[in-house]
Structure formats: C-alpha cells, structure tokens
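Trainee: what's the 3D shape of this:
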Amino acid sequence: MAFKIFNLTGSILLSIILLTAGCQKNAPPPAGMKEIPVKTAPVIKTSVSFPVHTSGILASPEEMKLSFKTGGIIQRMAVKEGDRVGQGQMLAELDKSEIKARVQTARSAYEKAQRDFRRVENLFRDSVATLEHKQDAETALKVAKSNLEIAEYNLRHSSIRAPANGRIIKQLAENNELVDSGYPVFVFGSTEGAWIIRMGLPDREVVRIQEGDSARIIFDAYPAEIFRATITEIGHAADPYTGTYEVELTLLPHNRTLIFGFVGDVSILPSRQEEIYRIPIEALVEADGTRGTVFYVNPQTRTAHKTDIEINRIFNDYVAVRKGLEGIKEVVTKGSPYLSDGAKVKIMDQFSDNGQTN
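Mentor: Residues are numbered from 1 along each chain as shown. Next up is the predicted model:
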C-alpha cells in the first residue's frame, strides 16, 4: 500500500479544518431542529507498515585503528589520508636504531646463556656441579631465549602494514612524531566486504524494525539512484550520549563508486506490520501532537459522543489512529461543530456547508 506522507500543504489544511471547527464549536443548531444532521464515514481497521525515515553515514564493515607494537619516533609515513592501499603494503615505520640495539642485547644474552648451560652441563656430567646448578642454568637459557623472541617480535612490528585491501580513512600522526605503544596512527577501512550504513534510531522507532528488513538509500552524490540494503545489526543498548540505538545496514551489490563518510537518506521498510484505524481527516475535531478528538454515532440511540484518540500519523486525506476507536464503526465527518456529547443526530447522505440537508 502506497502512502502519501503528511506534508506542509496537509498541515495547513488540518489547521484550517480545526480552526473552522473551533470557531463554530459553540454555534447553535438550526432553529427548530431536534435532530442535528451529520455525515459519517466508516472506520477502517487495517494492518500497515509505515517506513522509518532517518539518515546514516557510509562506512566500512571492518574499520580498525592501526598502531605500533612499541613506542618510538616515526621515521617514515608511506601513505596519507585518503590513499587506497593493498594488503601487506607498508604504511609507516619507526626509527629502528633503539629497537635493533635491544635485539642485539637480547641475542648476546641468549648466546651467553647457551655457553653457561653447556659448561654447567659438562660439570654436572663429571659430578662437579649439582643438579640445582644445572636446572638454574637451564632456566636462565629459557629466559634469555624468550627475551630474544620478544625483541625480535617488536622489531618485526616496528612498522605498520595494511591488513587487507582498503583505504586510509584518517591519519593521526606525522613524520618525526614520538608515539607511545598502541597509540593510533591510522584509521583503516577495508574495501573487501560490502559497504554498511550506520545510523541511530530512537526507542519508538527501533522497536518497529528487525534484522533482515529492507531499506532504500539515496546519496547526494547520486540523487537519482536508489541503493538497496538490509538491516544486519541492531544495537541492544542505547548510546549514553545520544540516547539512540545504533543500527547497521548492509548495502546490496552495486556498480557505483562510494567514499567513506557519504551521508545517505534512509527509508527502512519494516516487515512487521501494525494495526491502525483509518478515518478521514475531516473527522478530527481537535488535535494536539499524538492526541486527538472525534465524534462517533451510537446507532441504537442515534446520539453523538465525543471520544479521545491516539494519533499514529496524519496524512493529506486521512488519519491513522493507534487507539481510541475500538468497537466504533463510524465517525462524524460533517456537522461536528454543532454537536455536544449525547446530542441527537440524523445521518444524511448529502450535507451542505451551512449544516442544512440538501
């Protein structure tokens, strides 16, 4: 079912209707008339799925902060922000003078531990050294070997290489800058997986969607093209700063060039439907946010009664009502300015603007 969302024209129309109704609310019924003529319309109960409209940021499914294993001075930045890089490509490296010196120190200590162990082992074989001396030498050898492995590992990780094909989203350091161990140098985004859209939704909207729901996205770069996506992740905790829940959409395959950070207009199409009562917009007597008032007719007593409703959405020509019309078959669309609660009415097929029957 296609819906035309309530726009500025509809808002002006609603204001005029309610203003007119308010001005005529206390107008008396025509002289000598015992039953007030009204026109009614049926209350239609239906199940619908209203789109969720929001905006989101284009991102990579794998974004990571790249850093050095050890601290030091950056000797070379091989790429810059925005560059495309291939898997294994050199991105940056530290000045290795100090790190190489540590490797050499650890290697010398390991070689000494080997000599000490061989000497103690020979003495133990000749019953000169005790078992304790041999075990201490063996332990020292293992420790020296581990220290050498750590130093060599740090040397290998004194440079940053691209973990996959992707793009440098942000550069956070410069040449000759002293950085600590683990300090982010690049924000890297992989381009090997599908693009995703990240957005935040309030609680009243996030409960209407579920994983697998489809969505349409329009980017300013391609205003005439619609990109398709599906919901792949819904946050289970609200962001402490915004109070919204993060939702991720995965874009379906396409042949357009996209760039990190594109802002997209998103329309999510929930598969979960909700029940509403559909009534003409003329039936509204009062409206304030999601609260409203309408008149309905009791068919047995032929009297009009006012009831409060909870509005779901307002469109150009009808109102979607969430609650308040249970068990009600028809609502008054014309003649309500003359009505009061419990007034006798006569339902007319034709109705003039001055409240007279034709």
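Trainee: Which residues are in contact with the residue nearest to Lys69 when sequence neighbours are not counted?
Mentor: Leaving aside its sequence neighbours, Lys69 sits nearest to His157 (CB to CB, 6 or more residues apart in numbering; 3.6 Å). All C-beta atoms are positioned from the backbone trio N, CA, C, and that covers glycine. Applying CB atoms under 8 Å, 6 or more residues apart in numbering to His157 gives the contacts Phe68, Lys69, Thr70.
Trainee: Just among those, which is most surrounded?
Mentor: Phe68 (23 neighbours; other CB atoms under 10 Å).
Trainee: Tell me the spacing between it and Pro163.
Mentor: 14 Å (CB to CB, to the nearest Å).
Trainee: repeat for Tyr318
Mentor: For Tyr318, the distance to Pro163 - CB to CB - is 54 Å.
Trainee: So between these two, which is more surrounded?
Mentor: Remark: of Tyr318 and Pro163, Tyr318 carries more neighbours, 20 against 15, as counted by other CB under 10 Å.
Trainee: Wait, the more buried one touches Leu284, no?
Mentor: No: look at Tyr318 against Leu284 with CB atoms under 8 Å: they stay out of range, at 10.1 Å.
Trainee: in the sheet, who's paired with Asp265?
Mentor: Beta-bridge pairing for Asp265 (DSSP bridges): Ser55, Ile218.
Trainee: ok, now which ones touch it?
Mentor: Counted by CB under 8 Å, 6+ apart, Asp265 has contacts His53, Ser55, Ile217, Ile218, Phe219.
Trainee: How many residues are close by the second one?
Mentor: This means Ser55. Ser55, neighbours per other CB under 10 Å, totals 12.
Trainee: Dihedrals phi and psi, Pro240?
Mentor: phi -70, psi -20 (degrees, to the nearest 10).
Trainee: what does Thr250 give?
Mentor: Phi and psi for Thr250, reported as degrees, to the nearest 10, are phi -110, psi 120.
Trainee: ok, it to Val43 distance?
Mentor: Taking CB to CB, one finds Thr250 at 40 Å from Val43.
Trainee: Looking at these two, which is more packed in?
Mentor: Val43 (20 against 16).
Trainee: Do you know the pLDDT at the closest residue to Tyr183 other than its chain neighbours?
Mentor: Spatial nearest neighbour of Tyr183, chain neighbours left out: Ser67 (5.6 Å); criterion: CB to CB, 6+ apart. For Ser67, the pLDDT comes out at 92.
Trainee: Okay, Ser67 and Ser158: tell me how far apart.
Mentor: 12 Å.
Trainee: And for Asp126, the neighbour number?
Mentor: Neighbours of Asp126 (other CB under 10 Å): 7.
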